[in-house]
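>>> here are the coordinates; sequence isn't available:
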């Protein structure tokens, strides 16, 4: 299904890897799902930047050692999950300034 979506969107060949939780038959926030990224890309977890507008998703990535950026849409409060994120931006445009540093 994922391959068909990438093809349909005209994005075949754009990504280094297309990774699916289906490979480990479990879903985020399981560390096994986040572990797929470093496994497929051959890099350390600390070399991976994870960006999402879902706080719970960011918290899971952070606990796995990823650098994290939460896109805080609609001025939502942080979930109380005991995780300190690396960066918070209001829009994806805000990520440009962060990555340019």
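It's in. From a predicted model like this one, the values you see are computed outputs, not experimental measurements.
>>> sec struct for the residue nearest to residue 72 when sequence neighbours are not counted, please.
Spatial nearest neighbour of residue 72, excluding adjacent residues (CB to CB, 6 or more residues apart in numbering): residue 88 at 5.2 Å. Any C-beta I mention is one placed from the backbone N, CA and C, and that applies to glycine too. At residue 88 the chain is in strand, as set by DSSP: H, G, I helix; E, B strand; the rest coil.
>>> how about the helices in the chain?
2-8, 31-41, 55-63, 92-99 (DSSP state H).
>>> What separation do you get for the spatially most central residue of the chain and residue 62?
The centroid of the chain falls nearest to residue 50 when counting by CA atoms, centre = their mean (3.3 Å). Distance, residue 50 to residue 62, using CB to CB, to the nearest Å: 8 Å.
>>> residues bridging contact with the two, i.e. touching both?
Shared contacts of residue 50 and residue 62, defined by CB atoms under 8 Å, 6 or more residues apart in numbering, are found at residue 68.
>>> Might one say that residue 46 is in contact with residue 62?
No: judged on CB atoms under 8 Å, residue 46 makes no contact with residue 62 at a distance of 11.1 Å.
>>> So for those two, which sits in the more crowded spot?
residue 62 (19 against 10; other CB atoms under 10 Å).
>>> correct me, but the more buried one touches residue 82?
No: Residue 62 lies out of contact with residue 82 (CB under 8 Å); the separation is 10.2 Å.
>>> The residue nearest to residue 72: neighbour count?
Neighbours of residue 88 (other CB under 10 Å): 15.
>>> Same question for the one 5 residues further on.
By the measure other CB under 10 Å, the count of residues near residue 93 is 9.
>>> Alright, I will stop here.
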